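>>> Sequence and predicted structure below; questions after.
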Amino acid sequence: MDEVFNYVTQFHTFIMGYKDFITAMFECGGSVAVSVCIRKLHIDKMVRGVDWKYLAYYMTWTGWNLLYYPSFDQWYSFSATCSMLLVNSIWMTQMIYYNARERRGAVSKV
């Protein structure tokens with residue numbers, strides 16, 4: 001009976017690790033996508049089509065994931081979520097800065 005229990009435990013650990021890795025890859029993909037947005041906003045220096053409030057919602061979700069993943073020993077996902085939080089923070093800071101700059105009239109509208 002102990003052999004069966006050990007097998008099931010090892011299988012469960014393998015499956016959870018596999019799911020953790022896949023989730024981490026999605027989080028990393030999101031980080032890469034947001035990095036492209038950061039670069040584009042840096043070049044354009046004007047926010048169009050994206051509202052920082054929606055990004056704030058996803059940042060809240062990312063913050064929740066930072067609490068959630070460790071509770072299930074999902075350390076790959078936790079690490080990837082840290083990168084997602086970093087790039088989202090940079091992007092939101094850029095949005096707030098360029099919106100404020102535009103309101104002050106520092107940038108001509110296209």
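Yep, that arrived.

>>> what's near enough to touch the residue sitting nearest the centre point of the chain?
The C-alpha lying nearest the average C-alpha coordinate of the chain belongs to residue 84 (CA atoms, centre = their mean; 2.7 Å). The neighbours of residue 84, taking CB atoms under 8 Å, 6 or more residues apart in numbering as the test, are 27, 30, 31, 34, 62. Heads up, the C-betas are built off the backbone N, CA and C, glycines and all.

>>> is it possible to export those residues to CSV including neighbour count, secondary structure and pLDDT?
As requested, the contacts of residue 84 are arranged in CSV below (neighbours: other CB atoms under 10 Å; DSSP: H, G, I helix; E, B strand; the rest coil; pLDDT from 0 to 100):
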residue, neighbour count, secondary structure, pLDDT
27, 22, helix, 95
30, 18, helix, 95
31, 18, helix, 96
34, 21, helix, 96
62, 20, helix, 94
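
>>> Kindly reformat those residues as JSON lines containing distance to residue 73.
Shown next, in JSON lines, are the contacts of residue 84 (distance: CB to CB, whole Å):
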{"residue": "27", "distance to residue 73": "16"}
{"residue": "30", "distance to residue 73": "22"}
{"residue": "31", "distance to residue 73": "22"}
{"residue": "34", "distance to residue 73": "26"}
{"residue": "62", "distance to residue 73": "19"}
